[in-house]
Each structure stands twice: as structure tokens, then as C-alpha cells.
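Peer 1: dropping a prediction and its sequence here:
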Amino acid sequence: MTMRPDPTFHASPKLAMEAPAENFAYTLLLSPDFSKPDALAVIDVKPGSPTYSQIVHTVTMPNKGDEFHHFGWNACSSALSPLTGHAFIERRYLIIPGLRSSRIYIIDTKPDPTQAKIHKIIEPEEVFRKTGYSRPHTIHCGPDGVYVSTLGGGGKDGTNGPPGVFIMDCETFEVLGRWEIDRGPQTLHYDFWWNLPRDYMVSSEWALPPQFENGIVPEDLLANKYGHRLHFWDLRARRNVQTIDLGANHQMALEVRPAHDPVREYGFAGVVVDTTNLEGSIWTWWREGGKFHAEKTATIPPEPADKEKLPPLLQGFGAVPPLVTDIDLSMDDRFLYVSCWGTGEMRQYDVSDPRKPKLAGSVHTGGIVRRAPHPSGKTYAGGPQMVEISRDGRRVYWTNSLYSTWDDQFYPDGVPGVEVMANVGRNGGLELDKDYFVSFPDGYRAHQIRLEGGDCSTDSFCYPSV
Amino acid sequence: MGWPLAVSAGLMDKSPRALFGALWALSAGHLLATLLVLLPFAFLLVLAAWQRPIQLVASLVVIGFGVYQLIARRHPRALARIPPTQLALWSFAVAIAHGAALMLVPIYLGLCQAFELDAGHEAAGALMQASLGMAVLVSLVHVTAMVGAGGCLAWLVYRYLGLKFVSRSWFNLDAVWASSLVLVGAVALAFNLASWR
């Protein structure tokens, strides 16, 4: 317990943007064939540093087969919630769930990121016993604890009961139990986030473990059996208040990104693929008159391609779908970044008018057919995937791997782990930084990135940007 | 207590009216909490013959709660689970959880002691009425003082100081607060014991 709030906690998004720039980027590394333990890489991102864009520390886990995916902090700006009145905790521990193992690692990043080490390991049995859930996925630091979404229910294949969200203590890391009191029609899970003062949560859907653990199931996809709904919740009452079906053809509604400024009652969601025409789409959801609404506000078309250049999975279509696998919203709610993992494009949309996104920038790296090189001349396989934006909105980082078994289906030639960065112009526009190219050790792929002191998919704020 | 909630309400609605509306709700909750704690003692005072033991027990309860606060340093999670729209409930719960209302008990009982000199021989009903009146008065004075201080701070932050003040001004006063409960209880206990002889 501290005597003052952590200086990286900010009351509003505007104050977070004015904070000092990040010095380190934490990146999850996974061993796709499970031959090595997964790891956390700490990368120096301080311009001018002699070790700039290099891995300066690695925390290697003691187990194999965890499959690291998403992770998060034990505490963030949400601790300044006036409802807790008690912000005397530190942004200190990274909580890393093993998506495949259901094991959770707590990593201590203090006193210095280059000395990060394992603080505690929560074994899968504890998660199963206390929550009935499995496959922990997204971590969000809430004002009353750490919220963890899961992709699987109980039982060996995770289909015994629906997946959901559970809560952990943010200091002792004790698993406290399920969050939901009434889940309504929700049976699938992926991402979730909230608006704390407005007291609502939104969650999305990917699939149940048998539909993703051994790779994408083409029959299920073509039969529209992956998730395609958004669920809205009363955050404190822990009840589903509304479910919006985006339409069965809008397969895999993944990331949800509410506006950071809590007075703005809207947000975005990305849909991976439309099974009628292979396009990816961006949806805007908003609350009006007490009800939630959602509409498709941007589409990204597939790119035609020679059959022989395509992996077997796509040969029947003669085209590369964009595959919108991640989106991220800048702290000023102005730019939405969209990863097109299939076509190898990172798009930047101006979403000042949230229901009318305007394409403001674009760069290409990798892609199933394009295989766009990086300006450094180094090879970038895979496509833009997990994207993270610096608090000030000037730097956008991304990795190239989606999920071990899916990588192999879409990129059979392999996806050696890399991380790149693009600089953002004052009024938009993206340019790849040729000096920032992080190659991870052989046999490792890279997934999500977290920036020291918080980033644009970590913190939630309780006061508006005034 | 709760002034950042008033700042938040004002900023979210972009109106000072929302700030003052929040202050009203916070005051109502706090007042209810103090009354809830003081009223049982007001009824107990009917038992004039037992007044000293009541005062002793009350002092010990306040000391005990302060010691408990010193040991159990975690904040109750339930406070963050109250919806932001239910400010009065939040204010009530936080006052109870912190023992803010409990802190008034020794002061209140001390005030009633003076009353007792005159009222002691009168009917129990009159004594109870006087105690009730005193309980309400003590609560009102306390809440007015709290809202006056908190409201000024909320207005200053909202209008002049800005949001940086919210995180910069927060100190962890848990130990100080718990110690002050112990201190108030101890002082009351000492006075009671001294005047008993």
C-alpha cells in the first residue's frame, strides 16, 4: 500500500496524453509448437538509448504450452474512481493468462522493468474450481479488482457451461469468483470493456475452444457458427441489459473499444470477416435514450489473388480477406487503427464523427499474398496484428501473429515473431519507422504489447477530458 | 467525504448544478449514517441509571473500530460496486464503513451529560425527546461542516484547480483516520473514568 496514488494514474484521458512517453514495451512471446516455455520480452523504446528497439530483458516461464495471448496491469487509472476514494495501489504487476493452459502468471515489473520477475503463479485448477471458467483472455484493471474474461466454460474442452468474466484481487491476486449475476443470452465471449461513470460494459464473441484451439473450423465459419453479437451490461448490477446481433454473416466480432472520454457514450467493434463477401468491417455502437444501437460504419474489401499464391484454406475463394483481427482507439478518441491481418495493411481512420469513419492513413507490412517488406529491408511475415498506441498518440506499435494454429493455416510458410512501429502525423497519416524492427528469438511468435505506464487499450478514466 | 464524486458529476454533466446536486445526495447519505448510529444511543439514554456504562461501552466500541481499521487496511470492495447514480447510498455506506458516524458518539454522549443534570428527574419521555433532538442536532452540525469543507474543495477543483488536483492531492489517510478514532474513543473513556470517581 502506498501513501500517494501511482503517478501513472490519470484522472482523464487528456491528462494521460500529457504524461511522459513510454520507455519500455512489454511483449508476449509464445512458442507455437509448445516446445519452449512462453515468455515476456521487455523492449527498450526510448529514442536515443543505446539499446533502442532491442530486447533488454526476458522473463521465461517455467511451464510449456501456455499460449500467451492478452495481458494487462493489476491497477491503472481506474483506481482514481471517486467511488473507491482509495487509489493507493501501484501499477506494478502484469497479469498474463495462458490461453491454452488456463494458468495465470503475475509478473512484478518493479523496481525496474529490466528486472521483471515472476511474483506468483495461479494454477489452472484454482481458476476452474473458483469460477467454472477456463481459457482466461482479456485483463482489465477495474476500480474494485482485476476483471478477467474467459473464452471457455468448464470441462476438458471448455464447453461445459458458457464462458464469462471473473474477478481477481488486485493486490493478493486471489481469484474471487464469477462476475455475472445474469448473463441473459450471452454464451460466447471474447473482449470486454466499459464506461465506468456511465456504469455499463460491452462484451463481444469469438468462439468456443473446439472452434479455435485446433485452428479455424472452415465448416463452422461457412455455417456462420462463430460469434456475431455484442452484449451490453449494467456494470455494477452485473446483468446483461441488451444484446445486439450484428447478423450471422458478420463472423467473429472481436475487439470492443469504447471512447476513452467517459462523457462520450459510443465505441467501436471490429468484425473479422463477412461470410457473404469476405470483407472486414468496423461497427460503431452508441447509447441513446437508454438503449444501445450498432451499425456498420466502414468496410474493407477482400483483394483478389491467384489461387496458387493462396494457402489451401483460401484457394476456393480466389481472394484474400482483410481479416480485421484487432482495432485500437487513440486516447483523444480521434483515430481508430485497424489491423488487416490477411491483406497486410494497418489502416488509420479518423473517427472524429464516430458514425462516419474516414480513412486517414495506411501502411502495408506482410500479408498473405502481398508480403510487403519493411522499410528496413527486413522480412515481415504474417500481417499487422495486435496494435498498441502510445498515450500521446504519436507512435503505433504492432506484432504479426494471431494465434498459433490459425497462423499456420493462413501463413503456412511461418510467422517469425517481429514487432514494428509507425509514426503518426499531427493530423493523421502513418509512416513506418525504419529504425524500429524488433526480431524475436527463433521459434517465438509475438502477440500483445503493453506500454510502460499505460496505453490506449489499458486504462479507463472516471473524469472527462476538460 | 466524496468531494471527487461531486467534481466528477459536475464535469460529466458540464454544469455546476450537477456538482451541487451530488453534494446534496452525499449530505443526505452521510446524515442518514450519523443518525443511524446516534439514534440507538438516544434511545438508550432513557436508561439514565445506566448512562455511565453506556458511555464506557460507546468509548470502547469507537476504540475497537479504530483498532480494527488499523489492522484491516484493505478498502471494502463493495463501495466501488455502488452505481455512480446512487450517491446518497454511497455516502451512507462509506460513512458507516469508515466509522465516520461512530466518531460522533463520544461527542454526542458528552453533550447529553449536561442535559442529564436537568432532565434526569423528569419523565423518561422528555429525556428521550431531548436526546433525540440532540442526536439530530449533532448530526446536522457534523454534516454541515463536512459538506461545507468538501463542497468548497469540489468547487475549487471544478472551477479553478483542475483535474490534476484529484490525483495530486490524494494522501493515504487510512492510518491517520483509524488512529483518530482510537484517540477520540480514548479521550472519551478517560473523561468518563475521571468523572466517575
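Peer 2: All right, it came through fine. Residues are numbered from 1 along each chain as shown, chains lettered A, B, ... in the order given.
Peer 1: may I ask which helix or strand of chain B has the lowest mean pLDDT?
Peer 2: Of all helical and strand segments in chain B, the minimum by mean pLDDT, DSSP states H and E falls on helix B:104-119, at a mean of 66.
Peer 1: list the buried ones in the next helix or strand after it?
Peer 2: Later in the chain than helix B:104-119, the nearest helix or strand by DSSP states H and E is helix B:124-156. The neighbour-count check on helix B:124-156 (16 or more other C-beta atoms under 10 Å in any protein chain shown) flags B:127-128, B:130-132, B:134-136, B:138-139, B:142-143, B:146-147, B:150-151, B:153-155 as buried. C-beta coordinates here come from the backbone N, C-alpha and C atoms, glycine included.
Peer 1: ok, the residue in the stretch 101-250 of chain A that chain B sits nearest to - how many residues close by?
Peer 2: Nearest to chain B in the stretch 101-250 of chain A, going by C-beta to the nearest C-beta, is A:D144, at a distance of 3.7 Å. Residues lying near A:D144 (other C-beta atoms under 10 Å in any protein chain shown) number 22.
Peer 1: do the one 3 residues further on as well
Peer 2: Burial of A:Y147, expressed as a neighbour count using other C-beta under 10 Å, amounts to 23.
Peer 1: element containing it, please.
Peer 2: Per DSSP H and E: strand A:145-152 holds A:Y147.
Peer 1: enumerate the residues of the stretch 51-200 of chain A near chain B.
Peer 2: Residues of the stretch 51-200 of chain A lying close to chain B (C-beta under 8 Å from any C-beta of the partner chain) are A:80-88, A:142-145, A:171, A:196-199.
Peer 1: how about 6 Å then?
Peer 2: Taking C-beta under 6 Å from any C-beta of the partner chain as the contact definition, the stretch 51-200 of chain A meets chain B at A:80, A:82-84, A:86-88, A:143-144, A:197, A:199.
Peer 1: before we move on, the earlier item: ok, the residue of the stretch 101-250 of chain A closest to chain B touching B:A80?
Peer 2: Yes. Between A:D144 and B:A80 there is a contact under C-beta atoms under 6 Å: 3.7 Å.
Peer 1: tell me the angle the helix or strand containing B:W24 makes with helix B:124-156.
Peer 2: Assessed by DSSP H and E, B:W24 sits inside helix B:16-44. Helix B:16-44 runs at 160 degrees relative to helix B:124-156, counting by axes from the mean of the first three to the mean of the last three C-alpha atoms, to 10 degrees.
Peer 1: what separation do you get for A:R229 and A:A253?
Peer 2: Here the criterion is C-beta to C-beta, to the nearest Å. By it, A:R229 lies 7 Å from A:A253.
Peer 1: tell me, what's touching these two both at once?
Peer 2: Common neighbours of A:R229 and A:A253, counting by C-beta atoms under 6 Å, 6 or more residues apart in numbering or on different chains, are A:E205.
Peer 1: okay, those two: which has more neighbours?
Peer 2: Between A:R229 and A:A253, counting by other C-beta under 10 Å, A:A253 is the more crowded of the two (30 against 20).
Peer 1: for that one, helix, strand, or coil?
Peer 2: Under the three-state scheme (DSSP: H, G, I helix; E, B strand; the rest coil), A:A253 adopts strand.
Peer 1: quick one, what contacts it?
Peer 2: Neighbour list for A:A253: A:204-205, A:227-228, A:246, A:269, A:271 [criterion: C-beta under 6 Å, 6+ apart].
Peer 1: re earlier: pLDDT value on the residue of the stretch 101-250 of chain A closest to chain B, please?
Peer 2: Looking at A:D144, its pLDDT reads 87.
Peer 1: going by proximity to chain B, name the top residue of the stretch 251-400 of chain A.
Peer 2: Nearest to chain B, among the residues of the stretch 251-400 of chain A, is A:V263, at 5.8 Å (C-beta to the nearest C-beta).
Peer 1: ok so that residue is a helix residue?
Peer 2: No. Counting by three-state DSSP, A:V263 is not found in a helix; it is coil.
Peer 1: just give the nearest non-adjacent residue to it, would you?
Peer 2: A:P464 (4.4 Å; C-beta to C-beta, 6 or more residues apart in numbering or on different chains).
Peer 1: wait, that neighbour sits on A:E265?
Peer 2: No. Taking contacts as C-beta under 6 Å, A:P464 lies outside contact range of A:E265: 11.6 Å.
Peer 1: of those two, who's got more company?
Peer 2: The residue with more neighbours, out of A:P464 and A:E265, is A:P464; 21 against 16, by other C-beta under 10 Å.
Peer 1: next one: the more buried one from B:A9, what distance?
Peer 2: Going from A:P464 to B:A9 by C-beta to C-beta gives 11 Å.
Peer 1: output the contacting helices and strands for the helix or strand encompassing B:A9.
Peer 2: Taking DSSP H and E as the criterion, B:A9 maps to helix B:3-13. Counting by 3 or more C-beta pairs under 6 Å, 6 or more residues apart in numbering or on different chains; DSSP states H and E, the packing neighbours recorded for helix B:3-13 are helix B:16-44, helix B:124-156.
Peer 1: give the rounded mean pLDDT of that helix.
Peer 2: The average pLDDT within helix B:3-13 is 93.
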